[in-house]
Every structure is written in C-alpha cells, then in structure tokens.
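Trainee: Please work out how this folds:
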Amino acid sequence: MAYGDKTAVDGLSLQVGRGSITAVLGPNGAGKTTTLETCEGYRRPQAGSVRVLGLDPHRQRRELLPRVGVMLQAGGAWSGVRAMEMLDHVAALHAHPLDTAMLRDRLGLADCGRTPYRRLSGGQQQRLGLAMALVGRPELVFVDEPTAGMDPQARRTTWELLEEVRGDGVTVVLTTHHMDEAEHLADQVHIIDRGRLIASGTPTELTSGGHTATIRLVVTRPFPEGAPESLAADLGPGTQVTQLDERSMLIAGPADGTTLRVVSAWCEGHDVVPESLALGRQSLEDVFLAMTGRELAG
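Mentor: Predicted structure coming up:
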C-alpha cells in the first residue's frame with residue numbers, strides 16, 4: 001500500500017487467531033493504521049489479499065459489518081449527542097445487542113450518560129467508543145488505543161472487559177502505545193516497522209528470546225560519534241547496543257555484573273558522564289526499542 005512515493009505497507013503478512021487478543025505494535029508511521037483500515041474495509045489493498053472472518057473486507061463489507069466491531073482512537077459519535085443516546089442508537093442497529101445499561105455500569109458511564117459527546121473527557125470518550133464497538137456482540141473487534149486518557153481504575157476495568165470478551169470467544173485486535181498493556185493483554189504480538197513485519201510471538205517468547213537483561217544508559221551530553229559501535233566492540237559478541245537518541249542507549253546482553261562494569265569503564269575511557277545507568281530484565285518495550293531503534297510515541 002503506497003501513498004505517492006511513500007510505501008506504508010510493504011509485503012506485510014500476518015494472521016490473527018480466533019478467540020485471542022492480538023496486539024499490533026509499531027512506531028508512528030509504521031503502517032499500523034493503514035493495515036487495520038484495510039482489514040476493516042475502509043481501504044482497498046493495492047496488492048495481495050486480505051481475509052477477515054473468511055471474507056474480503058472490501059468487496060464483502062456488507063456481509064462482514066454485522067460481525068465486526070470497531071473502536072476508533074477518536075471520534076465515532078456526533079458532537080452534540082448525549083453519551084447514552086449514542087450507545088442506545090448503535091445498539092438499535094443490531095439484531096441482538098448487549099444490554100446498554102450493563103455496558104454503562106461496567107465502563108463507568110453512568111455519571112456522564114446525559115453529557116454531550118463533545119464535553120466528555122478523553123477517557124470517557126474512549127469508554128463510550130469501546131461500548132459502541134462491543135454492543136453488537138461482534139465476533140471480531142478492532143480497538144485502537146483502548147485506554148488512552150483513562151485513569152488507572154478505568155484502565156484496569158477496560159482490561160478486564162477485553163479479557164472477558166476474549167473468554168466468550170470474541171477475537172480482539174488492538175493497537176496501543178502502552179507496552180505494559182500489550183504485555184498484559186496480548187496472546188500474540190506483531191511488531192511492524194516501515195510497513196513490514198519484523199517480529200511475532202507471545203510476550204513471553206519475545207522477551208525471553210536472545211537477551212536476558214538490559215541496561216538503559218542516559219548521559220549528560222551527546223555521545224561521541226561512533227559510540228554504539230565502540231561500546232559494542234568493548235562488550236563483545238552476545239550483546240546488542242541500540243542508540244535511542246543523542247543522549248541515551250539501550251544495551252541488551254547477559255544478566256551479570258560484567259556487562260555493567262564494561263559499560264562503566266567505557267564511559268570513563270571516552271569522557272562520557274552517565275546521568276543514569278539502570279540494569280533490569282528486558283520488557284516488551286526493551287525488545288521493541290532494540291528492534292526498531294525508535295520510541296513508541298503517542
């Protein structure tokens with residue numbers, strides 16, 4: 001899929017298992033939105049094929065729509081409509097909707113049910129969007145940034161609801177900028193960058209493979225030229241060094257004190273003053289940064 005001379009999706013191939021929660025992760029501009037909009041039927045693929053629940057989401061969209069729910073990151077409701085009016089309206093479009101009062105109570109919408117959409121907080125809009133996506137009892141639901149703007153309690157409630165619908169056999173595909181969210185919820189994670197799939201696996205597979213520990217090095221002034229290559233040479237085989245920006249690097253390697261000592265000695269030998277030097281086991285965020293070299297910015 002290309003826009004002018006820019007390729008947004010480049011030979012991307014992935015599968016989502018039924019009754020699972022699958023996270024699609026990538027930096028801004030990686031091709032996530034284009035990929036999901038193609039799966040949702042909003043875009044026609046320029047090459048290759050897409051099947052959602054066995055159907056072509058563009059040519060067979062009318063057949064697919066009743067079986068799929070979509071939660072947008074923003075929008076999806078009229079500016080002046082009251083929250084529960086909007087949810088009741090969406091429910092009325094489906095043959096066998098969920099009880100809207102149940103969704104209202106589960107997602108904490110009771111206090112804002114009569115509030116116009118434009119006056120809802122960002123977190124309230126997200127909760128309403130999730131309710132609208134689920135009310136039609138979909139077999140598959142796409143959720144884009146499901147907890148953006150939510151307080152910790154609402155975020156946890158949303159996680160529990162998504163886990164419940166998965167338990168009922170619903171397939172969930174989510175995009176999120178919260179790596180802990182993906183690590184907590186996802187059965188399978190696909191990481192894409194520059195339109196291509198660069199890694200797939202369960203959170204445990206991705207975080208346990210290859211390296212066992214990480215060091216995040218932040219310094220007081222920009223690194224000298226060639227710093228990642230120089231440090232990697234001192235550390236030797238089995239260690240990966242990724243420069244995140246001009247003052248921070250991520251080092252992944254054996255979980256022992258040797259790596260930390262070598263990093264400290266390298267800093268001293270190259271007149272680099274650490275601001276912080278943190279050792280810990282790698283997380284999904286560490287894996288993401290090591291693979292893409294870029295922050296998962298919101």
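
Trainee: residues contacting His184?
Mentor: His184 makes contacts with Trp159, as judged by CB atoms under 8 Å, 6 or more residues apart in numbering. Quick note: C-beta positions are derived from backbone N, CA and C, even for glycine.

Trainee: which phi and psi does it have?
Mentor: Here is the backbone geometry of His184 (degrees, to the nearest 10): phi -80, psi -40.

Trainee: ok, now how distant is it from Leu162?
Mentor: 10 Å (CB to CB, to the nearest Å).

Trainee: same deal with Thr239?
Mentor: For Thr239, the distance to Leu162 (CB to CB) stands at 37 Å.

Trainee: And for Leu87?
Mentor: Distance, Leu87 to Leu162, by CB to CB: 18 Å.

Trainee: These two - which one has more neighbours?
Mentor: Shown here are Leu87 and Leu162; by other CB atoms under 10 Å, Leu87 has more neighbours (26 against 22).

Trainee: and that one, what does it touch?
Mentor: 100, 103-104, 109, 128, 131-132, 135.

Trainee: ok, 7 Å please
Mentor: By CB atoms under 7 Å, 6 or more residues apart in numbering, the contact set of Leu87 is 100, 103, 128, 131-132, 135.

Trainee: Likewise for Leu174?
Mentor: Applying CB under 7 Å, 6+ apart, the residues near Leu174 are 21, 23, 143, 146.

Trainee: can you tell me which of these are in strands?
Mentor: Those of those mapping onto strands are 21, 23, 143, per DSSP state E.

Trainee: Give the next helix or strand downstream of the helix or strand harbouring Thr157.
Mentor: Using DSSP states H and E, Thr157 sits in helix 152-167. Heading C-terminal from helix 152-167, the first helix or strand you meet, by DSSP H and E, is strand 171-175.

Trainee: Report the beta-bridge partner residues of Asp245.
Mentor: Taking DSSP bridges, one obtains Ser248 as the residues bridged to Asp245.

Trainee: Correction: the previous question concerned Val173.
Mentor: Thr22, Phe142.

Trainee: Could I get the pLDDT score of it?
Mentor: You'll see Val173 listed with a pLDDT of 97.

Trainee: what does the one 5 residues further on give?
Mentor: At His178 the predicted local confidence, pLDDT, stands at 90.

Trainee: Okay, angle between the helix holding Thr157 and strand 171-175 too, please.
Mentor: For helix 152-167 against strand 171-175, the angle by axes from the mean of the first three to the mean of the last three CA atoms, to 10 degrees is 140 degrees.

Trainee: Now helix 152-167 - C-alpha only, CSV.
Mentor: Provided in CSV are the C-alpha atoms of helix 152-167 (Å, rounded to 0.1, in the frame of the first residue of the first chain):
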residue,chain,number,x,y,z
PRO,A,152,-5.8,3.7,36.4
GLN,A,153,-9.1,2.3,37.6
ALA,A,154,-10.9,2.8,34.3
ARG,A,155,-7.9,1.3,32.5
ARG,A,156,-8.0,-1.8,34.7
THR,A,157,-11.7,-2.1,34.1
THR,A,158,-11.2,-1.9,30.4
TRP,A,159,-8.5,-4.6,30.5
GLU,A,160,-10.9,-6.9,32.5
LEU,A,161,-13.7,-6.3,29.9
LEU,A,162,-11.5,-7.1,27.0
GLU,A,163,-10.3,-10.3,28.8
GLU,A,164,-14.0,-11.2,29.4
VAL,A,165,-15.0,-10.9,25.7
ARG,A,166,-12.0,-13.0,24.7
GLY,A,167,-13.2,-15.6,27.2
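
Trainee: Cool, thanks, talk later.
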